[in-house]
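In: With the input below, show me the fold.
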Amino acid sequence: MITEKTSVLEALHLDALREILESTGPCVTLLLPPYHPGEPAHPAAALLKADLQEAVQQLAERKFPKDISDNLLAPLKDLAADPASLTGSRRGRVVFLSLDILRQFQLNLPVQPSVTVAGCFAIRRVLPELSVPASFYILAVSKESVSLFRSTHHRVEAVELPRGVPVTLREAMGFKAPDHDLENRSAIGTSTGAMHAVRFGTGSGRETEHAHLADFYRMVDRGIQKLLNEPGIPLILAGVSEETAAYRSISTYRNLVSGSLRGNSNLSPQSPELLLQASSILRAEETERDEKAAIEAIERTTPGLLSSDPDAILHASFEGRVQELFVDDSSERRGIFQRGDYRSCGEEDLLNLAVVQTILHRGKAVELPTGLMPKGTVAVARMRF
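Out: Next up is the predicted model:
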């Protein structure tokens, strides 16, 4: 029996995904892209209605009785008729539907619309979403001021810097003049007499400005390190390239993300584009780590514990033997698979099935672009035993 409210949109995370993957088929997975009123793209409600018809057709092709099909899709019909779903959706969503589950999750990263009926949920296209941390920070920097934002489960809000940390260059200048910009005075001429003194410094005006800015950023960086005491939490810089580069050159924060949000540092926490851009940066960094992990798995794993045979990987995933699975994001392997208590609902993507079983058995599954996969492979798995 379905108990979740159809209007509830959750944040997608690994534990929630494992919960729904226990469902038995038939399983319906819907991907809905973001929609803004007035755009030429179809709104969520229109896509839901089209997906509903597609799901009816797919179930009929798989010879499911009409009563089962009607019972399965009834909550989807209610969702399509829900007035709340007729409004614009600024973020994409994924809908998971089975005979005992209906759950919706918000997505930060873009997706293409699709509907899939299979023996398990189709999760490959939302795997990138799992690589975006549930929480991260954004630091907007400029010559005049800095501002800090925290993102937690699809919400962005402003955060105050710790007490005593300057938020403007003017405020920082009031604390202490930098040692390298001490003002010196000298009398004019050979006699000190009543001659006026002139000022001189240790550098040009531009050098002095850079020095003051560096001192300002150092104060901020020290404050950031005290505030972000959660282990491994990422920090993304935002601003024009010159400013982010200047901050990056002095920062000692270990989890400073290599990519930056380019452009004006005046960020709007309510902007869906802000989350999209930040999530894309974090995803790109995670892809680099996944590539290194794949290379390490191939180079350092005992040959007997490494496989690029899709059939062997699929069977091993059901046995809980897959520790890490790397899948080509542009490949599919269609087929019908029957094993034990797994009930196939017809032809499906067997790579997705291997991903599902890997995650259910507490393994890690990621997708990589074709160019980052070992030549000629669609999947590579490192086995536990």
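
In: I'd like the next helix or strand past the longest helix along the chain.
Out: Under DSSP state H, the helix in the chain containing the largest number of residues is helix 272-300. Per DSSP states H and E, helix 272-300 leads on to strand 306-307 as the next helix or strand towards the C-terminus.

In: Adjacent strands (with direction) for that following strand?
Out: Strand partners for strand 306-307, identified by DSSP bridges, are recorded as strand 379-383 (antiparallel).

In: Restricting to C-alpha, output the partner strand in CSV.
Out: Coordinates of the C-alpha atoms in strand 379-383 are reproduced here as CSV (Å, rounded to 0.1, in the frame of the first residue of the first chain):
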residue,chain,number,x,y,z
ALA,A,379,31.7,-2.0,-17.5
VAL,A,380,34.6,-2.8,-15.1
ALA,A,381,34.1,-4.2,-11.7
ARG,A,382,36.4,-4.7,-8.7
MET,A,383,35.3,-7.7,-6.7
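
In: what about it, average pLDDT?
Out: Predicted confidence along strand 379-383 averages 95 (mean pLDDT).

In: and that strand, how far from the chain's centre?
Out: If you compare the mean C-alpha spot of strand 379-383 with that of the full chain, they lie 23 Å apart, counting by C-alpha atoms, centre = their mean, to the nearest Å.

In: Likewise for stretch 274-285?
Out: When C-alpha coordinates are averaged (C-alpha atoms, centre = their mean), stretch 274-285 and its chain have centres 6 Å apart.

In: if we can go back for a sec, what is the mean pLDDT for the longest helix of the chain?
Out: Predicted confidence along helix 272-300 averages 85 (mean pLDDT).

In: Contacts for stretch 358-365, please.
Out: Judged by C-beta atoms under 8 Å, 6 or more residues apart in numbering, the contacts made with stretch 358-365 from elsewhere in the structure are 14, 17-18, 21-22, 123, 127, 317, 320, 322-325, 327, 354-355, 381, 384. (Glycine included, C-beta is placed from N, CA and C.)

In: Only whichever of those are buried, select them in ChimeraX.
Out: Paste this into ChimeraX to select the buried members of those, with burial taken from 16 or more other C-beta atoms under 10 Å:
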select :17,21,123,127,317,322,323,324,325,327,354,355,381
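
In: Would you map the strands across the stretch 201-350 of the chain?
Out: 235-239, 256-262, 306-307, 322-328, 334-335, 348-349 (DSSP state E, counting those that start in this stretch).

In: Of all the ones you listed, which one is nearest R218?
Out: Counting by C-beta to C-beta, R218 lies closest to strand 256-262 out of the strands of the stretch 201-350 of the chain; the figure is 13.9 Å.

In: Show me what that closest one packs onto, helices and strands only.
Out: Taking 3 or more C-beta pairs under 8 Å, 6 or more residues apart in numbering; DSSP states H and E as the contact definition, the neighbouring helices and strands of strand 256-262 are strand 235-239, helix 241-250, helix 272-300.

In: where's the most centrally placed residue in the chain, which helix or strand?
Out: Relative to the mean C-alpha position of the chain, the nearest C-alpha, by C-alpha atoms, centre = their mean, is the one of V132, at 2.6 Å. If you go by DSSP H and E, V132 is not part of any helix or strand.

In: ok, back up a step: list the buried residues for the longest helix of the chain?
Out: Counting neighbours by 16+ other C-beta under 10 Å, the buried set in helix 272-300 is 272, 274-283, 285-287, 290-291, 293-294, 297-298.

In: how much does it deviate in direction from strand 256-262?
Out: In this structure, helix 272-300 runs at an angle of 140 degrees to strand 256-262, with axes from the mean of the first three to the mean of the last three C-alpha atoms, to 10 degrees as the basis.

In: and helix 272-300, what does it pack onto?
Out: For helix 272-300, the contact count by 3+ C-beta pairs under 8 Å, 6+ apart identifies strand 135-141, strand 235-239, strand 256-262, strand 322-328, strand 364-368, strand 379-383 as packing neighbours.

In: now do 7 Å
Out: If you count contacts as 3 or more C-beta pairs under 7 Å, 6 or more residues apart in numbering; DSSP states H and E, helix 272-300 packs onto strand 256-262, strand 322-328, strand 364-368, strand 379-383.
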